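>>> Fold the following for me, if possible:
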Amino acid sequence: MNLPLSANRLAEIRALHIGKIDVSQPALYQEDTWRPYFERLRREDPVHRCEGGLYGDYWSITRYQDILNVDTNHRLFSSDASVGGITLRSVPVDARRPSFISMDPPKHDEQRRVVSPIVAPMNLQKLSATIRERAGNILDGLPRGETFDWAERVSTELTTQMLATLFDFPFEDRNKLTYWSNVATVNTRAGTEIDSDEKREAVLDQAMDYFRELWRERAALPPQPDLISMLAHGESTRDLLDRPHEFMGTLMLLIVGGNDTTRNSISGGLLALNQFPDEYRKLRDNPALVTSMVPEIIRWQTPVIHMRRTALADAEVGGKQIRKGDKLAMWYISGNRDEDAIERADDFIIDRARPRQHLSFGFGIHRCVGNRLAEMQLTILWEEILRRLPAIEVVGEPVRTYSNLLRGINNLPVRIPA
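Reported below is the predicted structural model:
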């Protein structure tokens with residue numbers, strides 16, 4: 001778990017010419033070796049120009065305040081798909097799937113407004129009892145005294161059930177949602193069966209066919225409080241079927257946003273508590289600390305590693321001159337380790353005075369629409385864990401995702417003492 005790099009490897013990283021550092025390499029996050037690279041960038045070149053990187057030329061924004069400044073200035077730094085979107089990887093224009101996260105106002109505001117009632121306080125209150133019941137059932141069904149995969153049995157199962165509820169998706173088919181989410185976000189260089197964009201498109205075409213039928217059913221009925229019905233009846237979204245790329249982009253955004261980030265924080269939280277056993281003991285002695293622990297988990301895990309913006313005009317960031325058309329990566333994972341903004345940022349501390357001081361949900365108009373739902377799922381799950389289970393032991397290395405976008409944990413072997 002988080003094995004320290006060898007002295008030789010650290011020496012190599014420290015000796016590497018600063019201009020050669022390319023933190024867009026997905027292997028850094030799969031191997032969990034990203035920290036010393038960002039430590040150097042924050043210290044020596046916090047707004048860093050990478051030339052000829054794996055995903056082309058780009059600027060790395062690595063300090064908390066600089067990231068905040070870029071993220072809150074959508075008029076100058078655009079996320080719109082028409083100028084590049086939200087990921088470092090450049091996708092051909094005719095293959096882009098725009099959604100409101102990759103739109104600028106006013107279209108962004110109009111479409112986000114359609115789905116935001118799903119996470120309104122009153123609806124969250126209604127969902128909380130369902131989450132608690134499901135979390136209890138999942139935990140009660142876990143084996144004792146034997147090794148199993150926490151990521152599959154708990155993290156994925158709980159969030160998939162929640163996603164099916166938000167979409168009012170046929171519950172018996174709910175695992176399709178997880179599969180489609182994985183396909184939509186998988187790096188085609190990761191060595192999986194989805195090793196080309198053509199294979200990804202083929203799977204997502206099947207997803208589109210499935211959703212198209214659900215959409216037509218919901219559109220023919222009176223409006224209901226589920227995401228498909230909201231979109232099918234929303235003034236700015238009811239014609240999405242006529243724009244297939246945008247139709248699928250919007251659905252995939254909601255699936256990934258409601259699934260990947262929360263499930264990886266569930267796994268990442270348990271891993272962090274095992275890496276910092278004094279904090280785990282502190283939590284078990286005082287379960288009320290769950291409230292401050294949950295945002296600390298989300299900071300520590302940083303489930304979204306980066307978001308891209310494209311400069312709409314010449315600008316200055318951190319003393320560097322950014323040119324119109326340049327792409328910038330806001331490395332949330334680095335900003336969340338910035339000691340100038342967060343005290344003891346490399347430590348997992350469940351009773352921080354300001355636990356919500358983190359970048360994991362983004363800022364500005366694109367701040368995660370489901371952030372309160374994510375926190376609620378984690379809070380309820382940990383409340384139920386503390387009521388039901390002894391300390392859960394991580395008994396092997398996590399298998400991490402090959403990605404520079406999502407900090408995923410594919411497998412986490414654990415054991416609950418008998």
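
>>> Return the distance of stretch 358-373 from the chain's centre.
10 Å (CA atoms, centre = their mean, to the nearest Å).

>>> Quick check: which ranges of the chain have low pLDDT?
1-4, 92-95 (pLDDT under 70).

>>> could you say which helix or strand contains H245?
Using DSSP states H and E, the element containing H245 is helix 244-257.

>>> Distance from that helix to the middle of the chain?
On CA atoms, centre = their mean, the centre of helix 244-257 falls 15 Å from that of its chain.

>>> Just the buried residues of that helix, please?
Within helix 244-257, the residues that count as buried by 16 or more other CB atoms under 10 Å are 245-257. In short, each C-beta sits where N, CA and C put it, glycine included.

>>> longest helix in the chain, by residue count?
Longest among the helix segments of the chain by residue count, using DSSP state H, is helix 197-219.

>>> What is the helix or strand that it is followed by packed up against?
For helix 197-219, the succeeding helix or strand toward the C-terminus, using DSSP H and E, is helix 227-233. Applying 3 or more CB pairs under 8 Å, 6 or more residues apart in numbering; DSSP states H and E, one finds that helix 227-233 contacts helix 107-115, helix 157-167, helix 197-219.

>>> hmm, back to that, what's the angle from the longest helix of the chain to helix 157-167?
In terms of direction (axes from the mean of the first three to the mean of the last three CA atoms, to 10 degrees), helix 197-219 departs from helix 157-167 by 50 degrees.

>>> ok, which stretches of the stretch 51-200 of the chain are helices?
Taking DSSP state H, counting those that start in this stretch as the criterion, the stretch 51-200 of the chain contains helices spanning 64-71, 107-115, 121-140, 150, 157-167, 175-185, 197-219.

>>> Just the CA trace of stretch 270-283, in PDB.
Included here for stretch 270-283 are C-alpha records, laid out as PDB according to Å, rounded to 0.1, in the frame of the first residue of the first chain:
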ATOM      1  CA  LEU A 270     -10.800   2.400   3.400                       C
ATOM      2  CA  LEU A 271      -7.300   2.300   1.900                       C
ATOM      3  CA  ALA A 272      -6.400   5.600   3.600                       C
ATOM      4  CA  LEU A 273      -7.600   4.400   7.000                       C
ATOM      5  CA  ASN A 274      -5.400   1.400   6.700                       C
ATOM      6  CA  GLN A 275      -2.400   3.500   5.700                       C
ATOM      7  CA  PHE A 276      -3.000   5.800   8.700                       C
ATOM      8  CA  PRO A 277      -4.100   3.300  11.400                       C
ATOM      9  CA  ASP A 278      -4.000   6.000  14.200                       C
ATOM     10  CA  GLU A 279      -6.800   7.800  12.300                       C
ATOM     11  CA  TYR A 280      -8.800   4.500  12.000                       C
ATOM     12  CA  ARG A 281      -8.500   4.100  15.800                       C
ATOM     13  CA  LYS A 282      -9.500   7.700  16.300                       C
ATOM     14  CA  LEU A 283     -12.600   7.100  14.100                       C
END
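
>>> ok so, going back, quick one: which of the helices of the stretch 51-200 of the chain is nearest T401?
Across those, T401 has its closest neighbour in helix 175-185 (8.4 Å, CB to CB).

>>> List the buried residues for the closest one?
Buried-residue list, helix 175-185, by 16+ other CB under 10 Å: K176, L177, T178, W180, S181, N182, V183, A184, T185.

>>> Check which helices and strands it sits against.
helix 157-167, helix 197-219, helix 244-257.

>>> P287: neighbour count?
14 (other CB atoms under 10 Å).

>>> Please name the residues that touch it.
For P287, the contacting residues are E383, L386, by CB atoms under 8 Å, 6 or more residues apart in numbering.

>>> ditto for M208
P244, F247, M248.

>>> at 7 Å what do you get?
P244, M248 (CB atoms under 7 Å, 6 or more residues apart in numbering).

>>> returning to what we had before: for the helices and strands packed on helix 175-185, which one sits closest to E39?
helix 244-257 (29.2 Å).

>>> Between helix 157-167 and the closest one, find me the angle.
Using the same axes, to 10 degrees: helix 244-257 against helix 157-167 is 140 degrees.

>>> which parts of the helix or strand just after helix 244-257 are buried?
As assigned by DSSP H and E, the chain's next helix or strand after helix 244-257 is helix 260-275. For helix 260-275, burial by neighbour count (16+ other CB under 10 Å) applies to 260-274.

>>> Quick check: of the residues you listed, which lies closest to N286?
Nearest to N286 among the buried residues of helix 260-275, counting by CB to CB, is L273 at 13.7 Å.

>>> and the nearest residue to that closest one once chain neighbours are set aside, how far is that from R299?
Of all residues beyond its chain neighbours, the one nearest L273 is Y280 (4.2 Å), with distances taken as CB to CB, 6 or more residues apart in numbering. Relative to R299, Y280 is positioned 17 Å away (CB to CB, to the nearest Å).

>>> So for those two, which sits in the more crowded spot?
Per other CB under 10 Å, whichever of Y280 and R299 has more neighbours is R299, with 25 against 18.

>>> who touches that one in this structure?
Contacts of R299 by CB under 7 Å, 6+ apart are N336, H358, S360.

>>> With that, I have no additional questions.
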